[in-house]
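*Asks:* return a 3D structure for these sequence lines:
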Amino acid sequence: MSVFGIGLAYGIATLLVMFSGMPIAFALGAVAVVFMGIYMPSASLDTVTQNVYEEMASITLLSIPLFILKGAAIGKSRAGQDLYSALHAWLHRVPGGLGVANVFACALFAAMAGSSPATCSAIGSAGIPEMRKRGYSGGFAAGIIAAGGTLGILLPPSITMILFAVAAEKSLGRLFLAGIGPGLLLVSLFGVYAVLRFRQEYAAADAIFKNGGPEAPILARDEYTLAERFSVLPRVIPFVLLLTGVMIALYGGFATPSETAGLGGLLALALIAAIYSVWRPSDLAPIMRSTIRESTMLMMIIGMSLLYSYVMSYLHISQSVAESIVAMHLPRWELLFAILVMVVVLGFFLPPVSIILMTAPIILPPLRAANFDIIWFGVVMTIVMEMGLIHPPVGLNIFVIRNVAPDIPLREVIWGTLPFVLLMMLAVLLLCFVPGISTWLPDLVMGPDGSR
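*Replies:* Residues are numbered from 1 along each chain as shown. You can find the predicted model right below:
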């Protein structure tokens, strides 16, 4: 059979197995092993475990369970709710300050936890009821939290970026730094939209009130004294200092990413023990269970995805596809557009982890040939995958919001997230026209990247 025929069969088999409902890790592993048995020497089956182990034996991947431990420690405590309360107290005078506070809370929590679902759950459980109580529409409140949660895969420490750095063989520190500028850009865009949408809903409620209707909760104003605003800081500042310390240790060259992740995990456990008295075995058990469950799931997906990519490479599928793309001689921006559209379509069905590990062998060679900065592309691809977290049919964050706020209809949640998808598209366009948004910080801190 030709390489084209094998590749087509490989893709169809993968889709069929995934649509059967089998977990992604086992689906990828099963397809890889079957094609190894059919098209590769029989001895290759004896080395499946060895191949998986060798692919996973990366010191960079060690940081994943440690960052998950840090995120679980913060996510299972009241840190998220306290962070949200502090920001609301300081931003309450801003029109739509409650919505803006939720955006900033999501950004800061995402930077501490590195997980989109954890951010949605921790901030949404406090933020959505408060926004609903103050008259925000269900779709608006859900959209803010769902979109804010996506920042967990863009702002460091991002597990998605760790995997991209491994797949692209690029500096993890440089990739982390490259995500900060675009992350702040998205926070700004989300915050501006929150203010504009609040003004729209406020004006509508005010018009109804002036025409003799009831006074909507959105018309009420919260007031905090200076003492009340300062009183909410003591529980929040230690976690902000933890985030700052971890970043300084990583980017200052004092520790490797894995050492930084371990330090962050231990300090997070120490902080929740000191601030929230979470130190008993019964208190720590949910944190450890969550860490082990999520780490095991991710490492299984990583191992099987890498085996899947290894088989694809051995059978020359990825090389042939890459050569075919190059042979089309598409202009570099049309090439980028075609690849990003493919990522969007894959985002309908697959999580970011699987998209990166499955597509990296195919898309990176043509991008290098077109002279794209791979670090810059990693950031752009991450933002595009963020869209997949808040648009159907998968939309992981949408389903997290449904668990946090089951009273908001799914239709309202989806419509509430669509404006944020458009804002992410705008951010991608801005990055294409002004790539320095993502490259200036790594160039400043680590010097120009000569391997682009």
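
*Asks:* just give the number of residues close to His88.
*Replies:* By other Cβ atoms under 10 Å, the residues close to His88 number 26. For the C-beta atoms, the positions are set from N, CA and C on the backbone; glycine is no exception.

*Asks:* excluding chain neighbours, what is closest to it?
*Replies:* Excluding the flanking residues, the one nearest His88 by Cβ to Cβ, 6 or more residues apart in numbering is Ala101, at 4.2 Å.

*Asks:* grab the most central residue of the protein for me.
*Replies:* For the chain, the residue nearest the mean C-alpha position is Ile153 (2.1 Å; Cα atoms, centre = their mean).

*Asks:* distance of that one from Gly264?
*Replies:* Between Ile153 and Gly264 the distance is 17 Å, computed by Cβ to Cβ, to the nearest Å.

*Asks:* in space, what's closest to Gly148 - neighbours in sequence excluded?
*Replies:* Cys106 is the one closest to Gly148 (Cβ to Cβ, 6+ apart), at 2.7 Å.

*Asks:* contacting residues for the residue lying closest to Ala141 once chain neighbours are set aside?
*Replies:* Spatial nearest neighbour of Ala141, excluding adjacent residues (Cβ to Cβ, 6+ apart): Met131 at 3.9 Å. Listed by Cβ atoms under 8 Å, 6 or more residues apart in numbering, the contact set of Met131 reads Leu98, Gly99, Asn102, Phe140, Ala141, Ile144.

*Asks:* please repeat the previous calculation with a cut-off of 7 Å.
*Replies:* Residues near Met131 by Cβ atoms under 7 Å, 6 or more residues apart in numbering: Leu98, Gly99, Asn102, Ala141.

*Asks:* just flag the most distant two among those.
*Replies:* Comparing all pairs in those by Cβ to Cβ, the longest separation belongs to Leu98 and Ala141, at 9.3 Å.

*Asks:* please say which of those two ends up with more neighbours.
*Replies:* Set Leu98 next to Ala141 and count neighbours by other Cβ under 10 Å: Ala141 wins out with 29 against 25.

*Asks:* CA atoms only: put whatever helix or strand the more buried one lives in into CSV for me.
*Replies:* When elements are assigned from DSSP states H and E, Ala141 belongs to helix 138-150. Extracted in CSV, the C-alpha atoms of helix 138-150 (Å, rounded to 0.1, in the frame of the first residue of the first chain):
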residue,chain,number,x,y,z
GLY,A,138,-26.3,34.5,32.7
GLY,A,139,-24.5,34.4,29.4
PHE,A,140,-22.3,37.5,30.2
ALA,A,141,-21.3,36.0,33.6
ALA,A,142,-20.6,32.6,32.2
GLY,A,143,-18.7,34.0,29.2
ILE,A,144,-16.3,36.0,31.4
ILE,A,145,-15.4,33.0,33.5
ALA,A,146,-15.2,30.5,30.6
ALA,A,147,-13.0,32.9,28.6
GLY,A,148,-10.9,33.9,31.6
GLY,A,149,-10.3,30.3,32.4
THR,A,150,-8.7,29.7,28.9
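
*Asks:* rewinding a little: which SS state does the residue nearest to Ala141 fall under?
*Replies:* Recorded secondary structure, Met131: helix (DSSP: H, G, I helix; E, B strand; the rest coil).

*Asks:* likewise Asp283?
*Replies:* The local conformation at Asp283, judged by three-state DSSP, is helix.

*Asks:* any idea how far it is from Gly347?
*Replies:* Separation of Asp283 from Gly347 (Cβ to Cβ): 37 Å.

*Asks:* neighbour count winner among those two?
*Replies:* Taking other Cβ under 10 Å, Asp283 and Gly347 do not tie; Gly347 has more neighbours (21 against 15).

*Asks:* tally of neighbours for the residue nearest to that one when sequence neighbours are not counted?
*Replies:* Nearest non-adjacent residue to Gly347, counting by Cβ to Cβ, 6+ apart: Gly388, 2.5 Å away. Using other Cβ under 10 Å, Gly388 has 25 neighbouring residues.
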